[in-house]
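Trainee: Sequence and predicted structure, then a few things I'm wondering about:
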Amino acid sequence: MIENVNSTAASGTLVSLVRHGDIAVLRIANPPVNALSSEVVAGLAAAVDAFEADRSYAALLVHCEGRTFVAGGDITSFDDPDFSAALYNGTLGRIEALDRPVAAALHGTVLGGGLELALACHYRVAVPSTKLGLPEVKLGILPGSLGTQRLPRAAGIELALDLISSGRSIDTATALKAGIVDEVHEGKPLDVGLAYAQALVARDAAPRRLSAEVASTADLPADFFDKALADAVSRKAFYPSARNIVLAVQASTLPFAEGEAVEARLFEELRVSPESQAMRHLFFAERQAAKIPGLAKDVALRPIASVGILGAGTMGGGIAMNFANAGIPTVLVETSQAALDRGLGLVRANYEASAAKGRLTAVQVEQRMALLSGSLDDAALADCDLVIEAVFENMDLKKQVCARLGKVCKPGAIIATNTSTLDVDVLAEATGRPADVVGMHFFSPANVMRLLEVVRGAKTAPDVLATVMLVARRIGKVAAVSGVCYGFIGNRMAEVYMREAEFLMMEGASPAEIDSAVEALGMAMGPCRMLDMAGIDVGAKTVIEYGKAGGLPPDDSYRAVVRKMFELGRFGQKTGSGYYRYDGRKPVTDPETARIAKEQAEAHGIAQRADIGRQEIVERLLYPLINEGAKILEEGIAYRPGDIDIVWTAGYGFPDHQGGPMWMADRIGLTAIAERLAHYAQVRGNPFGYWTVSPLLARLANSGQRVSDWQGAAAFAEKRAAVWQGR
Ligand code: 3HC
Ligand code: NAI
């Protein structure tokens, strides 16, 4: 019987109190993840009122409908100017203060505000598959509903600080051992919860309140918090959340009300911080990027049960590991036994290295290897649902390979190319079945990097695109769609970034000065270290090939340094020297680079100067990159500004606390960026259009709008989709 329905939304009843004998079940039903919207919070408060008023209940059980217990506070609400956690926190306090036992029945992902709700209950029972955690740090905040106060009291300070600082989830075995849950039972969450609540009533269990305790420091070294704070400040300097988390957890050693006040102040500081706003933007951008505008929701997906990969080199092997990790049988095809053995050998070595670090068991290594097979005959690809070519980056070879795949692959199979720069439409035509073709641009190392750029060809079928987006999710990648252009979203923008890095070098800045300027903003690696790692040879060959294809500006000085380095055999880390000299893997300044840069500057009439400051380096590296992003949007190459941000944060080490280049552009201000681009056009000259402000950027700057809000590209893509549907 539903006694009380207090909170409803268009989607139905959000919170209700349902009688099961003498147990009141407080049921939350807010799909998809039972996030704590303001309506849910109001419903919780009303349900507590109703429970308080009805003395015939012996106990309260909190239970959630659907796939999970509450997975967190409603992240969208954090942007509300009048955001307040007071009602929720007060309601948690009221739940804890109830004078009859309160239990939580946990399942799914008990995260953030969900775990905070569970901790306010007196007892917790879980089904075995439940995962628990306080992931707020990943959003640049801290648990703001007493998680920093109740978790240390339940699990001890050390584990609580570890969980809150890392945001990692734990399983029920760990949670049980740590005292975060009391019992774990198989079954439907509601049944498990009711049986547990009835047992509590039967044994006359008393309410148990974490707030009545104080977290103990007895087992901790005296300098525990000082060290933790110093570590947070030095190792996570870009993240104010790291420091605030230590301070909040430290406050769990105070009486509860004092700790509560400390947490509230530290939470609020973070909620309004630019770092958290940027990270929240990326949370939603990542989910948005998986959506394809204009694509019918009911598009039937192609089943993907087996995969084939052509080429078992650096990329082919890494790509294969993704599928084996997801339990999908994969065949690798090579041209020689030696190449195949080398490729599969490297995959095994990678798995064994993971096993040595304790990340995989020996059995898992064998299970994954058993999913991988090799062949020298491309007929082995005939039954595969998805075939990815990862042969050398050479147009003639790839055209031949694609023509062959068009014949060998079964009807309905998806043919994907991992090309980094070549025209996917040309390759698609070469197969003779362009609707089946799509780009799947993995990043190196392909088994590690999270990004997958999905390249939509002019004729890629909608179901192919939709299927590949789902495949990306199955193999744990974050996917963003790019249209066809040189370098797609990521490498096209990286090209202008590298161009300026080299001009700065020719003008007299050292690789270390260039790298450190952007690393100081949080970039994982500056452009020079990045290319030394990826391979100067790879970079130079791409530039040379693009030049041959007529893509480069008629500028002899364009990337002159990388070409010279390539000529000299300085291929980067792999040959011990590139922009830097390598002492093992450590980059050291090499005077030879300065000499080469000076020689190139002289050869191309570029004046050297000593006064290149850090600000100029940052502006010259990042503003053209942002400008290129605006062009990419305007051309409909990316669907949304957020997709560009995802490409750069997931694929190029762009700092998440800056939110990606387009988000960062809005923080800097588009007018300021347009003005500086115009300034460099003036002082450096602009014969090749390097500094020409993109019309979109100029328009948005003039009208005071944000590029992050711009939605024109999605509209453009929808028009394309309409063309598809009518095909
Ligand atoms: N708030 C608002 N919306 C949320 C949300 C949240 N906390 N968590 C998920 N969603 C939305 C997603 O945006 C997505 O919406 P869409 O369908 O419109 O794109 C939908 O729910 C489904 O999410 P996923 O696609 O991510 O579904 P998965 O099944 O892959 O993952 C999940 C589920 C593990 C719960 C994952 O969504 C997740 O990690 N969510 C965030 C959890 C989190 O960070 N919780 C802490 C929030 S902050 C907090 O609680 C503060 C507190 O201390 C006061
Ligand atoms: P690689 O040189 O390491 O491997 C290519 C492999 O393809 C070699 O093992 C070769 O024997 C094999 N091969 C050549 N012709 C073949 C054929 N006809 N049939 C079967 N196998 C054949 O090259 P890498 O680095 O793996 O690059 C592969 C593709 O991935 C290229 O298109 C490259 O642009 C792209 N890519 C490379 C990245 C990188 O960082 N290395 C990043 C992203 C994409």
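Mentor: Arrived safely, thanks for sending. Ligands and ions are numbered 1, 2, ... in the order given.

Trainee: Extract the C-alpha set from the helix or strand where residue 472 lies and format it as CSV.
Mentor: Counting by DSSP states H and E, the element that carries residue 472 is helix 462-474. Taking Å, rounded to 0.1, in the frame of the first residue of the first chain, the C-alpha atoms of helix 462-474 are listed here in CSV:
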residue,chain,number,x,y,z
PRO,A,462,23.7,6.1,-39.7
ASP,A,463,23.5,2.6,-38.2
VAL,A,464,27.3,2.2,-38.8
LEU,A,465,28.0,5.4,-36.9
ALA,A,466,25.6,4.5,-34.1
THR,A,467,27.0,1.0,-33.8
VAL,A,468,30.6,2.3,-33.6
MET,A,469,29.6,4.7,-30.8
LEU,A,470,28.3,1.8,-28.8
VAL,A,471,31.3,-0.3,-29.6
ALA,A,472,33.4,2.6,-28.2
ARG,A,473,31.4,2.4,-25.0
ARG,A,474,31.8,-1.4,-24.8
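
Trainee: For it, buried residues please.
Mentor: Burial within helix 462-474, assessed by neighbour count using 16 or more other C-beta atoms under 10 Å, is assigned to 462, 463, 464, 465, 466, 467, 468, 469, 471, 472. The C-beta positions use only the backbone N, C-alpha and C, and glycine is treated the same way.

Trainee: Which neighbouring elements make contact with it?
Mentor: For helix 462-474, the contact count by 3 or more C-beta pairs under 8 Å, 6 or more residues apart in numbering; DSSP states H and E identifies strand 414-417, strand 437-442, strand 451-455, strand 478-482, helix 712-725 as packing neighbours.

Trainee: which residues are in contact with it?
Mentor: Contacts of helix 462-474 from elsewhere in the structure, counted by C-beta atoms under 8 Å, 6 or more residues apart in numbering, are 290, 292, 295-296, 299-302, 304, 326, 328, 386, 414, 416, 435-438, 440, 452, 454, 456, 478-479, 481, 721, 724-725.

Trainee: Are any of the residues you listed buried, and if so which?
Mentor: The neighbour-count test (16+ other C-beta under 10 Å) marks 290, 292, 295, 302, 304, 326, 328, 386, 414, 416, 435-438, 440, 452, 454, 456, 478-479, 481, 721, 724 as buried among those.

Trainee: averaging pLDDT over each of the helices and strands packed on helix 462-474, which comes out lowest?
Mentor: Between these, the lowest average pLDDT goes to helix 712-725, which shows a mean of 64.

Trainee: ok so, going back, closest to ligand 2 out of the helices and strands packed on helix 462-474?
Mentor: Nearest to ligand 2, of all the helices and strands packed on helix 462-474, is strand 437-442, at 5.9 Å by C-beta to the nearest ligand atom.

Trainee: quick one: that closest one to strand 478-482, angle?
Mentor: Compare the direction of strand 437-442 with that of strand 478-482 by axes from the mean of the first three to the mean of the last three C-alpha atoms, to 10 degrees and you get 130 degrees.

Trainee: sorry, back to before: tabulate the helices and strands packed on helix 462-474 (CSV), appending distance to ligand 1.
Mentor: Output for the helices and strands packed on helix 462-474, formatted as CSV (distance: least, C-beta to the nearest ligand atom, whole Å):
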stretch, distance to ligand 1
strand 414-417, 23
strand 437-442, 21
strand 451-455, 16
strand 478-482, 11
helix 712-725, 15
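
Trainee: nearest to residue 185, of the ones you listed?
Mentor: Residue 185 lies closest, by C-beta to C-beta, to one member of those: strand 478-482, at 35.1 Å.

Trainee: ok, is the closest one in contact with ligand 2 or not?
Mentor: No: using C-beta under 6 Å from any ligand atom, we find that strand 478-482 stays clear of ligand 2, coming within 13.1 Å at best.

Trainee: ok, the nearest residue to residue 185 once chain neighbours are set aside to residue 198 distance?
Mentor: Using C-beta to C-beta, 6 or more residues apart in numbering and skipping the chain neighbours, the partner closest in space to residue 185 is residue 192 (4.7 Å). Here the criterion is C-beta to C-beta, to the nearest Å. By it, residue 192 lies 11 Å from residue 198.

Trainee: Of these two, which one has the most company?
Mentor: The neighbour comparison of residue 192 against residue 198 (other C-beta atoms under 10 Å) goes to residue 192, with 22 against 18.

Trainee: tell me what the strand or helix carrying that one is packed against?
Mentor: Applying DSSP H and E as the criterion places residue 192 in helix 189-202. If you count contacts as 3+ C-beta pairs under 8 Å, 6+ apart, helix 189-202 packs onto strand 23-28, strand 59-64, strand 102-106, strand 123-126.

Trainee: the inter-axis angle of that helix versus strand 59-64?
Mentor: Going by the same axes, to 10 degrees, helix 189-202 makes 160 degrees with strand 59-64.

Trainee: How about the contacts made by residue 108?
Mentor: For residue 108, the residues meeting the contact criterion (C-beta under 8 Å, 6+ apart) are 64, 66, 67, 68, 69, 71, 129, 130, 131.
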